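*Asks:* What follows is a predicted protein model with its sequence.
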Amino acid sequence: MTVSALIQYTQGATITPAGRAMVGTIGGIVTCANDNDAGVTAWLWTMESVPLGSAVPTGPMATTPTIGFVPDIAGSYLVSCHVTGANTTDVDTDYRVFSVRNTMQWIIPAFHGNADAHNFGGQTRGWAGTATYQMLDSLFGYITTMLSGAVINDVLTFNGSVWGPAQPAVTPPEPEWTGTTTDGTTPVLLTDSGGDWYVLTVPATYCSATFCAFVNGIGSADGSQCSAILCGSIRRGVAAGTTVILDQFVNYIVQDGPTMSVTAVADTTLGGLQIYVVGKAAVDMAWKASVEISESLFPIL
């Protein structure tokens, strides 16, 4: 009988098909099993490589049918399973990667892993990967488009793969009104009829966008004013919690009082853009804002 090694990963309720790399999370135990132990008389599990900075030890792990380990940082963990049959010359070895995405939602390949070990989702190009799994080749293509000066409706390519086009993330909404508290010192979120405001279009991987807002506030009691242009950029990954403001700049055209301010904040619950305003003490300010999400760049999957 010829023995066969084919690693199957399980983490929590998620089970990958045998012989396929897995994307999981930090902190949950990862169980490694061989798909078919028929005729197998001995197993040797080895952690071939771990992400730089991980405390998970490399080298032989166990000689049991299944083993487990706990990923402690983002990156790729390369595991091998070597099986032996009754005839000691009857052997087989499988190498497979378990990976945790980094904060940019990217997969960093394992140090020792080959193409087959990185077959996330069944793709066969290893580190070159696919846009869906954001392996390095795809990331390089994305970065190339970001640096190429792309404009709206450009069709962008990299090594034969289509990226883009650059396009509006959302249709600019109509201006909306709100008011501060009467003391004028508490930040108030400008809202779109109480709902989510300027939520970005979310592809399967990530989206980056620039925004520009014209915000105007008028005090009903004394006619004080605050007019500002607020511009910046925002990025969101697959999860809403990954949304971050990359940068912002506020140009105050009129600012009657140093307590008046306009600020952009990342909404990590809805995955969009929020704009907060502060009025002037003892003045009930009424605010109007017109916001445009100018463009986004992300790969077509």
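*Replies:* Okay, I see it. Bear in mind that the values here come from a model prediction, so they are computed numbers and not experimental data.

*Asks:* so how far is residue 99 from residue 68?
*Replies:* According to Cβ to Cβ, to the nearest Å, residue 68 and residue 99 sit 17 Å apart. Glycine gets a C-beta too; all of them are placed from N, C-alpha and C.

*Asks:* More neighbours: the two, which one.
*Replies:* Between residue 68 and residue 99, counted using other Cβ atoms under 10 Å, residue 99 has the larger neighbour count: 26 against 15.

*Asks:* The host helix or strand of the more buried one pairs with which strands?
*Replies:* Applying DSSP states H and E as the criterion places residue 99 in strand 91-100. Strand 91-100 sits in its sheet next to strand 22-24 (parallel), strand 75-85 (antiparallel), going by DSSP bridges.

*Asks:* now the first one: mean pLDDT?
*Replies:* The predicted model assigns strand 22-24 a mean pLDDT of 94.

*Asks:* Run a quick neighbour tally on residue 186.
*Replies:* 11.

*Asks:* hang on, I meant residue 261
*Replies:* 16.

*Asks:* wait, isn't it in contact with residue 279?
*Replies:* No: if you go by Cβ atoms under 8 Å, residue 261 and residue 279 don't touch, sitting 9.3 Å apart.

*Asks:* In stretch 273-292, which residues are buried?
*Replies:* 273-275, 277-280, 283-285, 287, 289, 291-292 (16 or more other Cβ atoms under 10 Å).

*Asks:* any common contacting residues for residue 261 and residue 279?
*Replies:* Common neighbours of residue 261 and residue 279, counting by Cβ atoms under 8 Å, 6 or more residues apart in numbering, are residue 226.

*Asks:* quick one: the nearest residue to residue 97 once chain neighbours are set aside from residue 220, how far?
*Replies:* In this structure, residue 97 finds its nearest non-sequential neighbour in residue 21, 4.3 Å apart by Cβ to Cβ, 6 or more residues apart in numbering. Separation of residue 21 from residue 220 (Cβ to Cβ) stands at 61 Å.
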